[in-house]
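In: Here is a sequence with its predicted model. Questions after.
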Amino acid sequence: MTLMLKGPSFADELKTALVGDGSATFILLNNFEVETFWKDPGTAGLPSIPLGSSSIIVNRMEEFGILLVGQDDFVVLKAPVDETYRRYLRQNGFKIPNIVYVERNEPHLNITENVLACPATLRRLREIRQQYDNLYLLCFGVSRLEEELSRCTGIPLAQPGADVFQKVNSKIYSRSVNEAAGIRQIPGCNCSTLEELRLAYEKLSGCLLENKPLMLKDAMGVSGKGIVKIDSPDRFLHCYRLIERDVKRKGNRIQFVLEQMVDKAYDLNYQFLITRTGEVRFHFVKESLTDQGVHAGHLIPSRLSADQIDVLRSAAEKIGRQLYRDGYYGVVGIDAILDSDGTLWPNLEINARFNMSTYQATIQQEWIDESKSALAKHYTLRLKHPIGFEAILRELDEFIFTKEKGTGLLVNNFATVNAAWNKPGEPFVGRLYCIIISEKSASLDALDGKIRERLSRMECIAHGQGSA
């Protein structure tokens, strides 16, 4: 078990680690899926499926930030926080930061694009800049867009520049770090040309004869996209031809990893922080929940032994030192795997940026101690009209977290529930993000089941098919 220790708040730790000043003020920009802007447009890839309304929901995940930084900091949001939700958080001891709303919300744009397209919001940020001497822009991750926003507003970045982020967040970079640091890694190959991809397949294709699939991964893929399971020679040939066709249109560059698929017991995620002076601070390890390769939540704490956690601590130190040598400092989340035979693979992928675990850090530090367990997840809601947070409180009454109980369902993002709503009467899908906190002896699965059942009833009410 590894939980965050009591001490300085996570926000204060970030300030001293990143800018060397605990009294600094942050403007937090939660630019989720910044990875899409790190991918070189001249690099061939696999066909992608349009995200549709899910991209609109992702663009409202920026509300997670209100539980990350301090009350004297700022968070940029695309729309106001539901007043009942804000009141609920305050009643339970959470200190809400100052909020800068984008005055013209464009749902299909991510938060940085939206701010850059809104002159009124840019003016507001420049005004804030004039009021503070030690103000910094803190981002989920930095691309050219965030660098442009920093230039436009005069607010310096608290993190390295886009070139560093782009380099260290490639799956090719992750494998290279493992090799250089002597970290055990899944058999596979980095592929920067079609010829390297062909040779990698020849080297690994014997796995298919043993019914062990391969995984073809776009080096800059994000959220389960850009990953293809190769379970037959025909499947590989089909993918190869698609990539070859894209190469002819864009040039001869590719960035792929071809790896053996691991028969996993469960996925893991651990986080550490690299300070501006190169210190590596290990935070926690959790079990990651996935659905068809897409992140679906976390289980806290993990079931790893103390010795296994020490392996991850050692890996974090090695990876952190290499990242720092390559110019990176800041939050790092590592995806790892424990396979079915008990082998621990400490570094499947480096995410040198914020990750979903980061947004749970304040809650974890304050409310999830050694006596507690927790499940971080989202519930999918199918609705016909927007609902307010009071509907959640009413329907889930006895399950809702309060500071007096110290347990229950704690909503950490409500904006994503109504984000995809377009017009009256038209069905839409929303997400309710939360952390279910329970005493160690209680069953998280049982509580999860009861909440799902109650939310299903609320869907019926929202569709006008019944009443409570």
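Out: Right, received. Where do you want to start? Numbering: from 1, shown residues only.
In: Need the three-state assignment for Phe284.
Out: Put simply, Phe284 is strand when judged by DSSP: H, G, I helix; E, B strand; the rest coil.
In: and Asp341, how many residues sit next to it?
Out: Asp341 has 8 neighbouring residues, counting by other C-beta atoms under 10 Å. Backbone N, C-alpha and C define where each C-beta goes, glycine included.
In: wait, what's in contact with it?
Out: Contacts for Asp341 (C-beta atoms under 8 Å, 6 or more residues apart in numbering) come out as Asp263.
In: could we number from 666 for the rest of this?
Out: Taking 666 as the first residue, the last one we looked at is Asp1006.
In: and it, what pLDDT?
Out: As predicted, Asp1006 sits at a pLDDT of 93.
In: Okay, strands next: where are they in the stretch 666-815 of the chain?
Out: Listed from the start of the chain, the stretch 666-815 of the chain has strands (DSSP state E, counting those that start in this stretch) covering 690-694, 739-742, 763-766, 800-804.
In: JSON lines for those strands, including distance to Lys1105, mean pLDDT and mean neighbour count?
Out: JSON lines is the format used below for these (distance: least, C-beta to C-beta, whole Å; pLDDT from 0 to 100; neighbours: other C-beta atoms under 10 Å):
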{"stretch": "strand 690-694", "distance to Lys1105": "32", "mean pLDDT": "98", "mean neighbour count": "26"}
{"stretch": "strand 739-742", "distance to Lys1105": "33", "mean pLDDT": "98", "mean neighbour count": "24"}
{"stretch": "strand 763-766", "distance to Lys1105": "36", "mean pLDDT": "97", "mean neighbour count": "16"}
{"stretch": "strand 800-804", "distance to Lys1105": "34", "mean pLDDT": "98", "mean neighbour count": "25"}
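In: now those as CSV including distance to Leu1048?
Out: Formatted as CSV, those follow (distance: least, C-beta to C-beta, whole Å):
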stretch, distance to Leu1048
strand 690-694, 29
strand 739-742, 21
strand 763-766, 24
strand 800-804, 31
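In: Is Gly962 located within a helix, as I assumed?
Out: No - counting by three-state DSSP, Gly962 falls outside a helix, being strand.
In: Excluding residues flanking it in the chain, which one is nearest it?
Out: Leaving out its chain neighbours, the residue that sits closest to Gly962 by C-beta to C-beta, 6 or more residues apart in numbering is Lys1042, at 3.4 Å.
In: was I right about that neighbour contacting Glu952?
Out: No - assessed by C-beta atoms under 8 Å, Lys1042 is found out of contact with Glu952, at 11.9 Å.
In: To Arg978, which of the strands of the stretch 666-815 of the chain lies closest?
Out: strand 800-804 (25.7 Å; C-beta to C-beta).
In: quick one, helices of the stretch 866-1015 of the chain?
Out: Using DSSP state H, counting those that start in this stretch, the helices found in the stretch 866-1015 of the chain span residues 871-874, 898-915, 971-990.
In: Low-confidence ranges, this structure, go.
Out: The chain contains residues with pLDDT under 70 at 666-672, 712-718, 888-889, 957-958, 1125-1133.
In: Now do the same contact list for Ser1022.
Out: Here Ser1022 is in contact with Asn934, Gln936, Phe949, Lys951, His963, Gly998 (C-beta under 8 Å, 6+ apart).
In: From these, pick the one nearest Leu1109.
Out: His963 (11.4 Å).
In: Any idea how many residues pack against the closest one?
Out: Other residues close to His963 by other C-beta under 10 Å number 25.
In: Distance of it relative to Asn1077?
Out: The gap separating His963 from Asn1077 is 12 Å, by C-beta to C-beta, to the nearest Å.
In: Pull out the buried residues from stretch 812-826.
Out: For stretch 812-826, the neighbour count (16 or more other C-beta atoms under 10 Å) marks Glu812, Leu814, Ser815, Thr818, Ile820, Leu822, Ala823, Gln824, Pro825 as buried.
In: Select, from those residues, the two members most distant in space.
Out: Pairwise distances among the buried residues of stretch 812-826 were taken by C-beta to C-beta; the largest, 18.3 Å, belongs to Thr818 and Pro825.
In: Tell me the span between the first and last residue of stretch 1068-1076.
Out: For stretch 1068-1076, the first-to-last residue distance is 13 Å (C-alpha to C-alpha, to the nearest Å).
In: ok, residues contacting that stretch?
Out: 750, 753, 756-758, 1028, 1032, 1037, 1054, 1057, 1061, 1064-1067, 1097-1104, 1107, 1112, 1116.
In: swap in stretch 863-878?
Out: The contact list for stretch 863-878 (C-beta under 8 Å, 6+ apart) reads 852-854, 856, 879, 894-898, 901, 905, 923-926.
In: what touches both of His963 and Asn1077?
Out: Residues touching both His963 and Asn1077 by C-beta under 8 Å, 6+ apart: Gln1025.
In: Of the buried residues of stretch 812-826, which belong to helices?
Out: Glu812, Leu814, Ser815, Thr818 (DSSP state H).
In: Count the residues that sit near the residue lying closest to the last one once chain neighbours are set aside.
Out: Closest residue to Thr818 in three dimensions, ignoring its sequence neighbours and counting by C-beta to C-beta, 6+ apart: Leu790, at 4.4 Å. Other residues within reach of Leu790 by the criterion other C-beta under 10 Å amount to 22.
In: My read is that Leu790 contacts Val765, right?
Out: Yes - using C-beta under 8 Å, Leu790 is in contact with Val765, at 6.7 Å.
In: Now do the shared contacts for these two.
Out: Common neighbours of Leu790 and Val765 (C-beta under 8 Å, 6+ apart) are Ile692, Val741.
In: sorry, back to before: may I see the helices of the stretch 866-1015 of the chain arranged in JSON lines, with distance to Asn799 as well?
Out: Below are the helices of the stretch 866-1015 of the chain laid out as JSON lines (distance: least, C-beta to C-beta, whole Å):
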{"stretch": "helix 871-874", "distance to Asn799": "54"}
{"stretch": "helix 898-915", "distance to Asn799": "44"}
{"stretch": "helix 971-990", "distance to Asn799": "23"}
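In: for the stretch 1016-1133 of the chain, what spans make up the strands?
Out: For the stretch 1016-1133 of the chain, applying DSSP E, counting those that start in this stretch gives strands covering 1037-1048, 1073-1078, 1093-1104.
In: Any chance of the ones you listed in TSV with distance to Tyr989 as columns?
Out: Formatted as TSV, the strands of the stretch 1016-1133 of the chain follow (distance: least, C-beta to C-beta, whole Å):
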stretch	distance to Tyr989
strand 1037-1048	29
strand 1073-1078	30
strand 1093-1104	31
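In: Is it possible to get CSV of the ones you listed that adds mean neighbour count and distance to Phe805?
Out: Listed next are the strands of the stretch 1016-1133 of the chain as CSV, based on neighbours: other C-beta atoms under 10 Å; distance: least, C-beta to C-beta, whole Å:
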stretch, mean neighbour count, distance to Phe805
strand 1037-1048, 19, 17
strand 1073-1078, 22, 14
strand 1093-1104, 21, 15
